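>>> Following is a predicted model, sequence given first.
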Amino acid sequence: MTEKKNSVTLEIADPVSMSELGARIGEKLFPGAFIAMFGGLGAGKTTLTKGIAKALSIEGILSPTFTIVRHHEGKLALDHFDAYRIEETDELYAVGYEDHLSSGSVIVMEWCENVPDALPEERLEVHIEGSGSDVRRVELRAFGRRYEEITEDLNAC
């Protein structure tokens, strides 16, 4: 594990560990939290989201690729976005993105590399490298004090 002031980098060996990391993140989330995920196909973004959702007492997470967003109710509401098929940021706003941002729901967005100009200033970025049976390198970057607390807590474990 390596740490910079506002980030932490972890090596994740398998899907169970990825889900557990998601649960650790999910336990620290708050209304309106924004998790921005970056990584290729098969990197583990949806697995991480399932772990976050589990910490929020939410089951049944599926990739929202064809619908762009799925809403889930739990301890905190969760809006799971997938920007994989989005070519223009306007497409994101056309599905009510601004309403989701102001709703107080936790937002987890996959494929943020496709919509970088739509990301809020304060957020937790999750950059995942690797796929298939590779060990994943996961870097969490905090933008804002509440997110720095999450990376500090993860580093302390």
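Looks like it arrived, so ask away.

>>> Now do residue 94, the pLDDT please.
At residue 94, the model reports a pLDDT of 89.

>>> Can you give me the distance of it to residue 117?
15 Å (CB to CB, to the nearest Å). Using the backbone N, CA and C atoms, a C-beta is placed for each residue, glycine as well.

>>> the more surrounded of those two?
Counted by other CB atoms under 10 Å, residue 94 and residue 117 do not tie: residue 94 has more neighbours, with 11 against 6.

>>> what sits against that one?
For residue 94, the contact set (CB atoms under 8 Å, 6 or more residues apart in numbering) is empty.

>>> Ramachandran angles for it?
Main-chain torsions, residue 94, degrees, to the nearest 10: phi -70, psi -20.

>>> Ok, residue 143 next?
phi -120, psi 100.

>>> tally of neighbours for it?
Other residues near residue 143 come to 18 when the count uses other CB under 10 Å.

>>> ok, now residue 145?
9.

>>> just the one 3 residues further on next, same as before
By other CB under 10 Å, the residues close to residue 148 number 16.

>>> Least confident secondary structure element in the protein?
When each helix and strand of the chain is scored by mean pLDDT, DSSP states H and E, strand 2-4 comes last, with a mean of 50.

>>> end to end, how far does stretch 111-124 reach?
14 Å (CA to CA, to the nearest Å).

>>> Would you indicate which residues of the helix or strand that residue 90 is a member of are buried?
Assigned by DSSP states H and E, residue 90 belongs to helix 89-94. Of all the residues in helix 89-94, those buried under the rule 16 or more other CB atoms under 10 Å are 91, 92.

>>> same thing with stretch 29-40?
Buried-residue list, stretch 29-40, by 16+ other CB under 10 Å: 29, 32, 33, 34, 35, 36, 37, 38, 39.

>>> nearest spatial neighbour of the first one, skipping sequence neighbours?
Okay, so that is residue 29. Closest residue in space to residue 29, ignoring its immediate chain neighbours: residue 106 at 5.2 Å, by CB to CB, 6 or more residues apart in numbering.

>>> In this structure that neighbour contacts residue 35, no?
Yes. Contact criterion CB atoms under 8 Å: residue 106 and residue 35 qualify, at 7.3 Å.
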